[in-house]
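Enquirer: Model the following, please.
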Amino acid sequence: MPPFFVEFRLHGYAKTHAKRLIWDVARRYHVRGMIRTRPVPHVGLYPPSNTHDIQAVISTVERVGRNHNTLVDFRITGFGCYTDSKVIYLAVEPSLAMGQLRTELTRELNAALGKANPEYDFHSAIAFKDLGQKFEAIWQYVKTREQPDIDQYLLRIAVLGRRRRLICEYDLLLKRMLTRRQALSRYWWRRTISEMQRLRGGKPREPSSAARFWSSVVDLFRL
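Expert: As a prediction, this is how the structure comes out:
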């Protein structure tokens, strides 16, 4: 059966910080697996799975998303690792709203697809491929880096298919399912950020679109 993933993609400073860590580790320790494709820092919301009915996944994500009308916040607080699976990650401290969303999403997707997947641990991986004997050295190095303490909002729920290609995103703030083209559009991203600022009482937490653009240019020259 075709694979699918449900995740939240980091944005703003959290995204920039995570990408720099990923590239730093990959270069320093020659871990090519992490950068064979463009890294997209994210937080998994449902375990990687398979289905012949991707529309059931999309419909379930949309239905669950409609039930969450408040800003869903969380914090990135330091680093962690899974020694058995050799994964190093940014630690995610969820709010009550984020925990409730994950629980409902897991329950509803399991029911829709006839599965029994457990709730996915909150984390954002920065090193997890081809680590082998380098794992301990990488983990010790990562712990020497400045511990992140970043506030973030979960703005959209992304549904991915084969080769982790984005299919669509449900926008929790605009309350609508975005096609792949819309999800990648700067226009719709500006609308999402504007709505976030409105819900926060007009206090901006994200850089302007121009600032995001120049930040992305800087990141390209860092690659």
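Enquirer: which residue is nearest the middle of the chain?
Expert: H42 (2.1 Å; C-alpha atoms, centre = their mean).
Enquirer: residue contacts, that one?
Expert: E7, F8, R9, L10, S124, A158 (C-beta atoms under 8 Å, 6 or more residues apart in numbering). Every residue, glycine included, has its C-beta placed from N, CA and C.
Enquirer: so of those, which ones are in strands?
Expert: E7, F8, R9, S124, A158 (DSSP state E).
Enquirer: And the furthest pair within those?
Expert: S124 and A158 (13.4 Å; C-beta to C-beta).
Enquirer: Leaving out the residues flanking it, which one is nearest to L45?
Expert: V6 (4.9 Å; C-beta to C-beta, 6 or more residues apart in numbering).
Enquirer: what's near enough to touch that neighbour?
Expert: G44, L45, Y46, V57, V61, L105, L109, I157, A158, V159, L160.
Enquirer: Of those residues, which belong to helices?
Expert: Counting by DSSP state H, the contacts of V6 place V57, V61, L105, L109 in helices.
Enquirer: and the last one, how many neighbours?
Expert: Other residues within reach of L109, judged by other C-beta atoms under 10 Å, total 23.
Enquirer: my guess is it meets I58, correct?
Expert: No - applying C-beta atoms under 8 Å as the test, L109 and I58 come out as separate, 10.7 Å apart.
Enquirer: Need the three-state assignment for H68.
Expert: Following DSSP: H, G, I helix; E, B strand; the rest coil, the label given to H68 is coil.
Enquirer: Looking at the ones in strands among the contacts of H42, spot the one nearest V142.
Expert: Distances from V142 to the ones in strands among the contacts of H42, taken as C-beta to C-beta, are shortest for S124 (12.8 Å).
Enquirer: and the longest strand for the protein?
Expert: Max-length strand for the chain by DSSP E is strand 72-82.
Enquirer: Thanks a lot, catch you later.
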